[in-house]
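> take a look and give me a structure for this.
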Amino acid sequence: MSRRYPVRSALTDMPRVADLPACREDAVRVLKERHGTVLAAPTILDTQEELPERTKGILGMRDIPLDPVFIGKFHNATLLNNRDIVTADGHYVPEFFSQAALHHHHPSWTEGEAGPTVELEMPEAEDVPGVSVAFFFSHASGDNHSHFLVQTLPQLSFLEQAGIAYDRLIVMPSIRAYQYDILAALGCPKEKVAIRTLQQAWRCETLYVCYISGDLPLERGHVERLRATFGTPERGPRRLYVSRQDARGVRRFLNEEDVIEKLEARGFTTIVPSALSAAQEVQVFRDARVILGPLGAGLYNSVFTEPGAMILGMSDPHYAMPWLAQSALLSGLDHGMSFGACFMSYEPAFTGTHNNWVSDPGRVAAIADELIARYDPG
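Okay, the predicted model is just below:
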């Protein structure tokens, strides 16, 4: 049975137990204390094509944006879809922050004198006792590794800072084995992880939701705890190429094999991070001095690398992200970018930003030689 619900804003009139903008302030303060500045310019910038203005703007960023972070607390609220909520008093609290996303998500959205409303089909809800946390039902952060690290995992820090004890973390069925391992290492064993499908409606006795309107640097305390948990005396490779061979057709590096041949001749070890366990990811990145690879989730594992190394992201000139500079700064690494030549745009939803691309193997080899001489001359 469907009915119309008034909409409450997740950012303005939601009940809060912890208003935590200071978390992001603290993240920047820690970065400044450790490294003396925020978002340094790339150590190396190489490009085969003229860069679009959007890319230049991202590369020119020198500050970490600070967005509000807070935790909402609900009693006897029903959890739907991703993290959409119907409260006990019959209000709808959407996961999405932008009006455009809401209108797209809910064609029944209407504006009235009393405010917006939406029409929802409410399934039969299952009662869930105790204290629950809607953990990674963010629409982008399910089984995508980089989103898991920069949107989902930092929520554990906020829960800890707010002093919230919980009986279960609610996750999606796409959770992977390495994510269970990471959660366990950070104090949440598998028996406290509850899987819920998007088709299920759960009426939670007490429900906490952490709302973050942007990405976050992986909290340094988590990095150090993971390294301590998964670290071993065995040494990892010093020169690392991080492949996206498992990418689902997005931003494909079309002549990657030619580049890999040049790099492996120079002592680089090629890895595909999705084939590794959490412990193996920490181990293989820990001792690297020079890291190269296409810009993507795998490179974010460089947060586990010992300070003083160099990470070089490779990409189509239309695709750049500020997290490379943020994670490099968090980890005490130098960073750079090498942009190849745009080959074709293939995904209409991302026209102009998610292109296939090629790189000149000789140029990449020359950059690798320069980095080896500076960061791993032995």
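
> not counting its neighbours along the chain, what's nearest residue 156?
Nearest non-adjacent residue to residue 156, counting by Cβ to Cβ, 6 or more residues apart in numbering: residue 186, 5.6 Å away. For glycine as for every other residue, the C-beta is placed from the backbone atoms N, C-alpha and C.

> tell me how far that neighbour lies from residue 331.
For residue 186, the distance to residue 331 (Cβ to Cβ, to the nearest Å) stands at 18 Å.

> next: residue 115.
45 Å.

> can you check residue 257 too?
As for residue 257, its distance to residue 331 is 29 Å (criterion: Cβ to Cβ).

> neighbour-wise, which of those two wins?
Ranked by neighbour count (other Cβ atoms under 10 Å), residue 257 and residue 331 place residue 331 first, with 24 against 11.

> how about that one, nearest residue that isn't a chain neighbour?
Spatial nearest neighbour of residue 331, excluding adjacent residues (Cβ to Cβ, 6+ apart): residue 303 at 5.0 Å.

> what residues does stretch 188-203 touch?
76-82, 122-128, 132, 156, 166-173, 175, 180, 183-184 (Cβ atoms under 8 Å, 6 or more residues apart in numbering).

> swap in 6 Å and give it another go.
Residues from elsewhere that reach stretch 188-203 (Cβ atoms under 6 Å, 6 or more residues apart in numbering): 78-81, 123, 125-128, 168-171, 173, 180.

> going through those, which ones are buried?
Neighbour-count burial (16 or more other Cβ atoms under 10 Å) is assigned, among the contacts of stretch 188-203, to 78-80, 125, 128, 168-171, 180.

> which single one of the residues you listed is nearest to residue 211?
The nearest member of the buried ones among the contacts of stretch 188-203 to residue 211, counting by Cβ to Cβ, is residue 79 at 14.1 Å.

> residue 162 contacts residue 18, correct?
Yes: contact criterion Cβ atoms under 6 Å: residue 162 and residue 18 qualify, at 3.8 Å.

> give me the common contacts of these two.
Taking Cβ under 6 Å, 6+ apart as the contact rule, residue 162 and residue 18 both touch residue 71.

> any idea how far the residue nearest to residue 331 lies from residue 342?
29 Å.

> who has more neighbours out of the two?
residue 303 (23 against 19).

> which residues in the stretch 101-250 of the chain form strands?
With DSSP state E, counting those that start in this stretch as the criterion, the stretch 101-250 of the chain has strands at 110-112, 115-121, 125-134, 168-171, 193-195, 201-212, 239-242.

> grab the nearest non-local neighbour of residue 372.
residue 290 is the one closest to residue 372 (Cβ to Cβ, 6+ apart), at 6.1 Å.

> so who does the one you found touch?
By Cβ under 6 Å, 6+ apart, the contact set of residue 290 is 239, 310, 371, 375-376.
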